[in-house]
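Student: please find the sequence and the predicted model below.
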4 protein chains.
Amino acid sequence: MTTTRVTVGPSDIADPRLAERGRRRTDWAERQMPVLRQVRERFARERPLDGLCLGVSLHITTETAVLLRTLQAAGAELALCASNPLSTRDDVCAHLVRDHHLAVYARYAEDVDTYRRHVDQVLAHQPRVVMDDGADLIAVLHERPASGPALLGALEETTAGVRRVRALAAEGLLRFPAVAVNDTPTKRLFDNRYGTGQNTIDGILRATNALLAGKVAVVAGYGWVGRGIALRLRGMGAQVIVTEIAPIPALEALMEGYRVLPMAEAAAEADLVVTATGGLAILGREHFAALKDGVILCNSGHFDVEIDVRALREAALGRESLRDGVEEFLLPTGQRVYLLGQGRLVGQAVAEASPAAVMDMSFAAQALATEWLVRESAGLRPAVYELPAALDAEIARLKLAALGVRLDALSPRQVAYAASWREGT
Amino acid sequence: MTTTRVTVGPSDIADPRLAERGRRRTDWAERQMPVLRQVRERFARERPLDGLCLGVSLHITTETAVLLRTLQAAGAELALCASNPLSTRDDVCAHLVRDHHLAVYARYAEDVDTYRRHVDQVLAHQPRVVMDDGADLIAVLHERPASGPALLGALEETTAGVRRVRALAAEGLLRFPAVAVNDTPTKRLFDNRYGTGQNTIDGILRATNALLAGKVAVVAGYGWVGRGIALRLRGMGAQVIVTEIAPIPALEALMEGYRVLPMAEAAAEADLVVTATGGLAILGREHFAALKDGVILCNSGHFDVEIDVRALREAALGRESLRDGVEEFLLPTGQRVYLLGQGRLVGQAVAEASPAAVMDMSFAAQALATEWLVRESAGLRPAVYELPAALDAEIARLKLAALGVRLDALSPRQVAYAASWREGT
Amino acid sequence: MTTTRVTVGPSDIADPRLAERGRRRTDWAERQMPVLRQVRERFARERPLDGLCLGVSLHITTETAVLLRTLQAAGAELALCASNPLSTRDDVCAHLVRDHHLAVYARYAEDVDTYRRHVDQVLAHQPRVVMDDGADLIAVLHERPASGPALLGALEETTAGVRRVRALAAEGLLRFPAVAVNDTPTKRLFDNRYGTGQNTIDGILRATNALLAGKVAVVAGYGWVGRGIALRLRGMGAQVIVTEIAPIPALEALMEGYRVLPMAEAAAEADLVVTATGGLAILGREHFAALKDGVILCNSGHFDVEIDVRALREAALGRESLRDGVEEFLLPTGQRVYLLGQGRLVGQAVAEASPAAVMDMSFAAQALATEWLVRESAGLRPAVYELPAALDAEIARLKLAALGVRLDALSPRQVAYAASWREGT
Amino acid sequence: MTTTRVTVGPSDIADPRLAERGRRRTDWAERQMPVLRQVRERFARERPLDGLCLGVSLHITTETAVLLRTLQAAGAELALCASNPLSTRDDVCAHLVRDHHLAVYARYAEDVDTYRRHVDQVLAHQPRVVMDDGADLIAVLHERPASGPALLGALEETTAGVRRVRALAAEGLLRFPAVAVNDTPTKRLFDNRYGTGQNTIDGILRATNALLAGKVAVVAGYGWVGRGIALRLRGMGAQVIVTEIAPIPALEALMEGYRVLPMAEAAAEADLVVTATGGLAILGREHFAALKDGVILCNSGHFDVEIDVRALREAALGRESLRDGVEEFLLPTGQRVYLLGQGRLVGQAVAEASPAAVMDMSFAAQALATEWLVRESAGLRPAVYELPAALDAEIARLKLAALGVRLDALSPRQVAYAASWREGT
């Protein structure tokens, strides 16, 4: 199959009648995304993507729809497929087709063949730029180069996708510039810490309706995600214990007033365990016997291997689903253990992932990175680029402006002092 | 219609096939209710209600089912109707019938006639004690005195019901002793502060998925409920402003580091307003023009009059439902305002009311009050009784024991010192 | 000796040359006491104590001087002696004589005979009202009744003094009305919680310069004082453990996220122990062996018996003073233990007692109670009176006004609703 | 003058009789410095500096004495002068001479000629390594090269000294390797944040005894120092406002629940202003008119220019010293403003600088850097070296070990997973 065999066709979506619901929900998300709104207003005036065809593969959520509205306002022509069949919201697809006339090729829970056909249908639009989430579009473009006009470049949202693109570059195969949108400070500081911090609480409450106040909560890992979770659990009245493998974060946790224990001891005190390490089997078979009866286990790391769910299933004498998102395991040692969301990211599996206010910044990075790529494309090589620090600061500045927060500015005298501080002692 | 025309009949529930789901969900609630579990174990040994017929009118939730299991273990025979047709969970009813053989007369969303017939069916069991929530059973027993054996007394769970019972007593009409379970310290300190504090956060997150960190959140009222909400909002990263009418709570709020402002000024800074005053029109027509575009309004007070919803509806140029529990109002001054849960208690309307861990204490008070009433009934007059302070402390003690928390005890020498401290200076 | 033998004489103070220093320090305290300043402004206009002779026995500190300025502005003539020879600040005495022409009879560290003579010299002024701190003036007035005009009454500041006055009343001996200024809500809520909470931190830092962040700090007792200390220790980054004997406060501590342990276990984890119980030997001989090497012990309760200092001295193999306020004890089990301020109230022994901002409210209660006593004296009997709740609220209101904090007021419609809320359900 | 004219002479200190006091106070500091104690134990076994002559110029405090004990245990011969005449504690000097037989050339408040002679006396020992604080020893060694054996290298503690050394290196003049001990993560994360955070509170309390609870406190700058101060002020009950010039820290402050305002607005609300920016005139002439009557101003930045003290003195109609460390300025607009510690670092000017527990880590870095420099000297060039990251982590690890805190370690399976995570999606 070659891309020439795919013609630009009409959208392929599940149910056009859902458009109104999708519109309303997207409007709500947009209310929480003032940075993108500001970017859109400027884009609408300046039209930096005027006439540019943009091929997009993203999780099709209400927040993504707000990003697409922004790119369209900049003048882009958009063709859209899903980056994961299970995250597609059909109402959003319907809204994007009815109200924005986008070319949308996505259905919730589509099969693999359909998913691949939809990727091809997006590429048949011969986009000049692709926006990717997991690098599937980028990979296809390297396997079966398009016959149309040369790509200006690509943007990649995820860690995993950036890794694939870097691998391409390392082997000398990368055919166009690619921007690693994934790893900007505003994303890590805000999405990981405050976004996941909150949605972890949200997931635990929706799954269990358990009282957090007074609970002994063990947070495994004191990276940005772990810090956010520990902070919010304490904020809800829990007594937080941190486990770590690295001494400097462990010492920081201690100075913040948390207890720091090895997991073998922490597990024995826990009413709640949340893993957030990026590692494997953080709560594993060797800890099961020590767990208290009634302990709640959940994970906020990317993969579902932090709690060793397989070992838990093997060890359990019985399992029972008590509530949506809550599964009881009866251990041979007699305790009942409650696993939330099957050990998957609890804030996404049980709640609604990061709040729009946080995606606002991540997607503003996408929008500004697209503008930057198009404007600078003449000078770029086939290589992986970081988002310029100035754009990152600009996103924070727009967020503050949207929130009505004003900063101080240095006077000329203060600027001079700052430049000459070495003279100070 | 007289009670003599109602015979003791089979249960009247919606769908017996829901029993297994109800059993599982009740089991989950019971996991969070260790005080009731401890009470039940003792009740099972001591059987303090052996053979006693108990007529019960409560919200039929999983937590209530755990209370009923406890009373049954004490030897009581139970007949159950709903205290509100809309709070009845049909799966819980089915579970109580299938697994506990209770006489249950309740269906979700039953009409008023059915509701009244169900009350009569409970009373047809000729209960010796009634457990009430809103005083509907008690009222019927005063309108149409039963022909059977004399009541030992009644227990009342709510503020509103206690008011009705006190009114009966004041007019000299009360026919039996009644215990005001409603107003014990453990209930106020824990349910109001920590229970409602958490379920307000839960309700806001479920309704909006909005990021709380960085939001300016106005909490109207710094009573126990307001304190809990302010504490948890701060714990989620919000910047909290308190409004008050009383100087001492206002000064306490200030000393805790909150800003304290009149509502007219607070409303102009708010990204979120939560009312918790027990009063009327705390956020009213006079504040609408000052509100920021995008502000979220919700209520955690008992009645839905704290935010003047009627005035909001009248003032709005348009309304739109954007998400479940989120209604947008377009004000004549151009702002969009988001009302959660129609201005009703947001933690109940949108989330799941107080966590089982908190109801554990409120319902333990019910169970111990029932035991106390039966044991002491010979000496009681037709009057309103408070729960003895020793029982209240006992509930806290059982909760601590259940949580594995141990206290210090005074030595004889310390007891002597405490008794003679007045000699100290 | 009779009071007639004591003539009204000139002030007896240590060093008039200290007046300027006393004036400055008192001015500083007055800056932090806006309620008293407001009271003084009104008193200066209304002169409610015009010509009244007031005999005063108080700790002679800068804050007391601000109270005396206030009473003088009201028109009172003041005669002053100390309530404790060791708390007298000679610079303040000098200031009060030089700048305010008060009759002052007090010298730092005066001997007992001088102290008694000074009491008599105050009474020789034939005061119509006495303001007492420990009830020494009141006691003398009962032992040797004055020959002059009848007393309108007395005011008593301390717990210990109120106890003595109540004992007089109980035996039917009390000769005039007495106001128990000691025990108003504003005093307990603010002085005990926020005042002692802060000055305990201050005392520990001054004594040790130890880093609180990361320390395991045990707070014995979760009353108002213990709550304030636990809150501030956590605020400085410590990991707080609470010990308690009563279940309801223990449960509250737990819900606030503190660990709750018996002292025997808490002592073994402590880097710092602070006692705040009002009890005896809270940290006693039976805990010594469990203490960690290097643990810091201090007390914030009224008497120096909460840490069993005598037992510690007996047990220790050696003692050494390492810093002002820090004494090292070498235990037979090898640990070194550090006792702050000899086990006396650490915030007073090592720091400067409660901040003026808190004494502002306690002393405003004194001033308003004096005005109330004089105004109402015709209707008062020889009995112990509580400060009327309205005056207590008024103090909080004045404090808020001084801080520029405004409250909401109920509209007539809201007042009506509040009165009729019982109709609500 | 050349170094050959200075002979190695006896110590030159102020008063040998102070030795016992110095010993005691140093013992106290050592109690708080477990990392250095652990380093010393290893050094005593391994003697890594055996026979090495070390020339030291540091602030001569009790913490420094603990460092010197550590270096001596490693086998070093030590010659000591002061890095600043005003920070020299004569009791510590006397202790080091009496009990450790160090060559000490330092007297409190010595004049400049004496200070210089003391530097020369240290260099007359012909040290192989110099440990410097401000680069005065290093500078002399470049102006008047020593005639003795070649230096192995130098260690520099401060930002200002590192700047001078880097300037030497940039001009190609640096004659030996130099380690920039100043800028390790453990120092910045812990000393700046938790050390200065606490000592700022300590300085404010000692100067003012003002109640922090309820105060509106403005923290200028949200770097590590500002974060620590904001956190601790909030912990003491203050209502914190942050001012910033950079958007990302401003947004972080907001997400932590602080208000963020420009200084012009913040100053008008402040009861307390603390500057921590490293900049110039952060609170300057343009803000004076807006200040509230009674505002307290202080600085925690390195230089005393953050509050424009000169402008304040010029603007004031009058000045008065009210308490040690508190100066009142009367502004032409009528407000009284209170400046603490003359606008110098309040935690050092009024309190006791960073706690020993924090200097423990900074000085452990000095000790380990010295060992590293000596061991690696054969392979080092005349250049500026950073402390290896592994040594930094080692310090954190030793601190944790000293505190009895244990971490988890990865299993071989977990190590393999971590290395291969890129395969994960």
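Tutor: Now that the structure is in, tell me what you want to look at.

Student: next, residue A:174: phi, psi?
Tutor: Backbone dihedrals for residue A:174, given as degrees, to the nearest 10, come out at phi -60, psi 130.

Student: next: residue A:353.
Tutor: When read as degrees, to the nearest 10, the backbone of residue A:353 gives phi 60, psi -160.

Student: over to residue A:156?
Tutor: phi -130, psi 130.

Student: and it, what pLDDT?
Tutor: On the pLDDT scale, residue A:156 is placed at 91.

Student: what parts of the stretch 251-400 of chain A come near chain D?
Tutor: Along the stretch 251-400 of chain A, the residues adjacent to chain D under the rule CB under 8 Å from any CB of the partner chain are A:251-252, A:254-255, A:260-263, A:278-281, A:302-303, A:305, A:392-393, A:396-397, A:399-400. Backbone N, C-alpha and C define where each C-beta goes, glycine included.

Student: tell me the buried residues within those residues.
Tutor: Neighbour counting with 16 or more other CB atoms under 10 Å in any protein chain shown marks A:251-252, A:254-255, A:260-261, A:263, A:278-281, A:302-303, A:305, A:392-393, A:396-397, A:399-400 as buried within those.

Student: among those, which are in strands?
Tutor: Counting by DSSP state E, the part of these found in strands is residue A:260.

Student: near chain C, which residues of chain A show up?
Tutor: Neighbours of chain C within chain A, by CB under 8 Å from any CB: A:213-214, A:234, A:237-240, A:251, A:254-259.

Student: can you list contacts of the lowest-mean-pLDDT helix or strand in chain A?
Tutor: Lowest by mean pLDDT, DSSP states H and E among the helices and strands of chain A is helix A:412-419, with a mean of 78. Applying CB atoms under 8 Å, 6 or more residues apart in numbering or on different chains, the external contacts of helix A:412-419 come out as A:410, D:278, D:279, D:280, D:281, D:305.

Student: close to chain B: what parts of the stretch 101-250 of chain A are there?
Tutor: Close to chain B, as judged by CB under 8 Å from any CB, the stretch 101-250 of chain A has residues A:194-195, A:197-198, A:201-202, A:205-206, A:208-214, A:231-232, A:234-237.

Student: any weak-confidence spans in chain A?
Tutor: Across chain A, residues meeting the criterion (pLDDT under 70) sit at A:1-7, A:146-147, A:160, A:418-425.

Student: domain boundaries for it, per the record?
Tutor: According to automatic domain parsing, chain A comprises the domains A:3-183+A:355-402, A:194-349.

Student: most tightly surrounded among the ones you listed?
Tutor: domain A:194-349 (a mean of 22; mean count of other CB atoms under 10 Å in any protein chain shown).

Student: narrow the residues of the stretch 251-400 of chain A next to chain D to those in helices?
Tutor: A:251, A:252, A:254, A:255, A:263, A:392, A:393, A:396, A:397, A:399, A:400 (DSSP state H).

Student: of all the residues you listed, which two lie farthest apart?
Tutor: Greatest spacing in those, by CB to CB: A:263 and A:397 (41.1 Å).

Student: circling back: now the contacts of helix A:412-419 as a markdown table including distance to residue C:349?
Tutor: Below are those laid out as a markdown table (distance: CB to CB, whole Å):
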| residue | distance to residue C:349 |
| --- | --- |
| A:410 | 47 |
| D:278 | 38 |
| D:279 | 40 |
| D:280 | 42 |
| D:281 | 41 |
| D:305 | 38 |
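
Student: between these, which is nearest residue B:334?
Tutor: For the contacts of helix A:412-419, the nearest to residue B:334 is residue A:410 (35.9 Å; CB to CB).

Student: quick check: closest non-adjacent residue to the closest one.
Tutor: residue D:245 (6.0 Å; CB to CB, 6 or more residues apart in numbering or on different chains).

Student: wait, which of the domains of chain A is closest to residue C:85?
Tutor: It's domain A:194-349; of the domains of chain A, that one is closest to residue C:85 (CB to CB) at 42.0 Å.

Student: for the stretch 101-250 of chain A, what lies in contact range of chain D?
Tutor: A:134, A:160, A:163, A:185-186, A:189-190, A:193-194, A:243-248, A:250.

Student: and with 6 Å instead?
Tutor: Proximity of the stretch 101-250 of chain A to chain D, by CB under 6 Å from any CB of the partner chain, involves residues A:160, A:163, A:194, A:243, A:244, A:245, A:247, A:248, A:250.

Student: name the SS class of residue A:55, please.
Tutor: strand (DSSP: H, G, I helix; E, B strand; the rest coil).

Student: looks like it contacts residue A:130 (just checking).
Tutor: Yes - here residue A:55 reaches residue A:130: they are 4.5 Å apart, a contact under CB atoms under 6 Å.

Student: so the residue nearest to residue A:410 is in which element?
Tutor: Applying DSSP states H and E as the criterion places residue D:245 outside every helix and strand.

Student: distance of it from residue D:231?
Tutor: Distance of residue D:245 to residue D:231, computed by CB to CB, to the nearest Å: 20 Å.

Student: with residue A:236 instead?
Tutor: Separation of residue A:236 from residue D:231 (CB to CB): 19 Å.

Student: that older thread, what sits in contact with each of residue A:55 and residue A:130?
Tutor: Residues touching both residue A:55 and residue A:130 (CB atoms under 6 Å, 6 or more residues apart in numbering or on different chains): residue A:137.

Student: ok, residue A:390 to chain B distance?
Tutor: Using CB to the nearest CB, to the nearest Å, residue A:390 is found at 23 Å from chain B.

Student: repeat for residue A:47
Tutor: Going from residue A:47 to chain B by CB to the nearest CB gives 26 Å.

Student: is that residue in contact with residue A:76, as I believe?
Tutor: No - when contacts are counted by CB under 6 Å, residue A:47 is not listed as touching residue A:76 (9.3 Å).

Student: one step back: torsion angles phi and psi at the residue nearest to residue A:410?
Tutor: Per degrees, to the nearest 10, the backbone of residue D:245 is at phi -110, psi -20.

Student: hmm, it is touching residue A:400, no?
Tutor: No - checked against CB under 6 Å, the pair residue D:245 and residue A:400 is beyond contact range at 11.7 Å.

Student: which parts of the stretch 51-200 of chain A are strands?
Tutor: For the stretch 51-200 of chain A, applying DSSP state E, counting those that start in this stretch gives strands covering A:53-58, A:77-82, A:103-105, A:129-132, A:153-156, A:178-180.

Student: tabulate those in CSV, adding columns for distance to residue A:220.
Tutor: As requested, the strands of the stretch 51-200 of chain A are arranged in CSV below (distance: least, CB to CB, whole Å):
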stretch, distance to residue A:220
strand A:53-58, 30
strand A:77-82, 32
strand A:103-105, 40
strand A:129-132, 31
strand A:153-156, 29
strand A:178-180, 28
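
Student: residue A:131 and residue C:190: what is the separation?
Tutor: Distance of residue A:131 to residue C:190, given as CB to CB: 58 Å.

Student: same question, residue A:116
Tutor: For residue A:116 relative to residue C:190 (CB to CB), the value is 70 Å.

Student: residue contacts, the residue in the stretch 51-200 of chain A that chain B sits nearest to?
Tutor: Nearest residue of the stretch 51-200 of chain A to chain B: residue A:194, at 4.5 Å (CB to the nearest CB). Taking CB under 6 Å, 6+ apart, we find residue A:194 in contact with A:228, B:213, D:255.
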